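*Asks:* Generate coordinates for the sequence data below:
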Amino acid sequence: MPDKVLAALKVGSSTTELREFDLPDIPPDAALMKMEVAGVCGTDVSQYKLPLRGAPLIMGHENVGTLAKVGREFQTHKGFKEGDLVFLEHYLPCGHCEWDHMGEYRHCAATEWFYDPTAVRYGYTSLDIPPGLWGGFSHYVYLPLNAVLHQVPAGLSPEEAGLATPMSNGIQWTLMDGGVGYASDVLVQGPGQQGLCCLMAAKQAGADRVIITGTSKDARRLEVAKALGADAVVDVQKEDPLERVMQATDGRGVDVVVDCTAGAGTKAVLLGIEATKRRGGTMVVQGEGNQTFPDFPIGRLTRKGMTLKSARGHSYRAVELALHVLASRRFPLDQIMTHRFGLAEVDYAIKSVGGEGAPGAIHVSVMPWR
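*Replies:* Okay, the predicted model is just below:
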């Protein structure tokens, strides 16, 4: 075991430096994970641009690694041992609230870093909170007793398991929140990694038709969507998306809409409302930032008997199902896993997901030992 840990540290807005840290002591109720893969997603892109709220931090919240050192109490309590390949959720829950007992860590107050500066969440927690190894863009990550781990299925590579976060979001938003099942017609807006995982989740659940929209710059991603089983793809800059949805569904519209667009805002919501069937549709929306909707068509929503839900994180069960889907190898995962970078390239890796670095990036993996 080395004495030092190398990590890519966010030291300011869109600024990263490589630094070494002392390897912390691991008490009996904790563990140390050797990082294998840290995925990069759209949230990293937006968070990387923000100024620091305190001390510098190690980003990286989609983490897969091997347990390098496991305390006796940690092993007894968690059931994991040294050498296990695990997926680490980014939530660090309190462990005793009603949400945690349901496996809904996303709603636990202890993980609400948006509102609580003392909340600890992997990829978002500063060095002010010891031991500081709270992000996956590092050789090692510290695991307290309340870390939430999942065993990676045999035969699934660390890089493939690195898709578990977007895949679990896809399952949560599409199946659990949206209610997609056999014979459902589904509209997925946005062909990024989240949208493509929503597509896979819907197809795995037996959806009849899945339509996915994007813009002209998403041409490659829309081709990937076809390879993953999309029944129709729509370039909203070249075609009338509502007209295409109606054509694809024989004029009936869809049962469920999942909005995974980055900044489409009111346009995506309005399309979702109009694209659903005449009665009882569901729309799941991933909202970001300070978007406002002063003229929200509440009357149209209520007349159609629609349900509007927020797409926010995932549950424990969704991660377990995500790993199961990935291990099934039903889908060509290599189409989504487009780029791999080392710690020295974290800045470029994040910018690639945001469309400012390597072309054609969908799901990007940081491999700290690369």
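
*Asks:* Just confirm Ala225 contacts Leu199, I think it does.
*Replies:* Yes - if you go by C-beta atoms under 8 Å, Ala225 and Leu199 touch, sitting 6.0 Å apart. Every C-beta, even on glycine, is put in place using the N, C-alpha and C of the backbone.

*Asks:* tell me, what's touching those two both at once?
*Replies:* Taking C-beta atoms under 8 Å, 6 or more residues apart in numbering as the contact rule, Ala225 and Leu199 both touch Ile212.

*Asks:* out of the two, which sits in the busier spot?
*Replies:* Shown here are Ala225 and Leu199; by other C-beta atoms under 10 Å, Leu199 has more neighbours (30 against 26).

*Asks:* residues in contact with the more buried one?
*Replies:* Residues near Leu199 by C-beta under 8 Å, 6+ apart: 170, 188, 210, 212, 225, 228-230.

*Asks:* Find the helix or strand that it is a member of.
*Replies:* Leu199 belongs to helix 193-204 when elements are defined using DSSP states H and E.

*Asks:* any idea which helix or strand comes after that helix?
*Replies:* Counting by DSSP H and E, the next helix or strand C-terminal to helix 193-204 is strand 209-214.

*Asks:* So which elements touch the helix or strand just after that next one?
*Replies:* For strand 209-214, the following helix or strand on the C-terminal side (DSSP H and E) is helix 219-227. In terms of contacts (3 or more C-beta pairs under 8 Å, 6 or more residues apart in numbering; DSSP states H and E), helix 219-227 is packed against helix 193-204, strand 209-214, strand 232-235.

*Asks:* Check the offset of helix 219-227 from the chain's centre.
*Replies:* Put simply, helix 219-227 sits 19 Å off its chain's centre (C-alpha atoms, centre = their mean, to the nearest Å).

*Asks:* relative to helix 193-204, how tilted is it?
*Replies:* Counting by axes from the mean of the first three to the mean of the last three C-alpha atoms, to 10 degrees, helix 219-227 lies at 20 degrees to helix 193-204.

*Asks:* Return helix 219-227 as CSV; C-alpha atoms alone will do.
*Replies:* Output in CSV follows, covering the C-alpha atoms of helix 219-227 (Å, rounded to 0.1, in the frame of the first residue of the first chain):
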residue,chain,number,x,y,z
ALA,A,219,-26.5,13.1,-35.4
ARG,A,220,-24.0,10.5,-34.1
ARG,A,221,-25.9,10.0,-30.9
LEU,A,222,-29.1,9.5,-32.8
GLU,A,223,-27.3,6.8,-34.8
VAL,A,224,-26.3,5.2,-31.5
ALA,A,225,-29.9,5.4,-30.4
LYS,A,226,-30.9,3.3,-33.4
ALA,A,227,-28.3,0.7,-32.5
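
*Asks:* got the buried residues for that helix?
*Replies:* Buried positions in helix 219-227, judged by neighbour count with 16 or more other C-beta atoms under 10 Å: 220-222, 224-225.

*Asks:* still on that earlier bit, the helix holding Leu199 to strand 209-214, inter-axis angle?
*Replies:* Going by the same axes, to 10 degrees, helix 193-204 is angled at 170 degrees with respect to strand 209-214.

*Asks:* Could you export helix 193-204 as CSV, CA atoms only?
*Replies:* Written as CSV, here are the backbone C-alpha positions of helix 193-204 (Å, rounded to 0.1, in the frame of the first residue of the first chain):
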residue,chain,number,x,y,z
GLN,A,193,-25.9,9.3,-21.9
GLN,A,194,-29.0,9.7,-19.6
GLY,A,195,-31.4,9.7,-22.5
LEU,A,196,-29.8,6.7,-24.1
CYS,A,197,-30.0,4.8,-20.8
CYS,A,198,-33.7,5.8,-20.6
LEU,A,199,-34.1,4.3,-24.0
MET,A,200,-32.4,1.0,-23.0
ALA,A,201,-34.5,0.9,-19.8
ALA,A,202,-37.7,1.3,-21.8
LYS,A,203,-36.8,-1.4,-24.3
GLN,A,204,-35.7,-3.8,-21.5
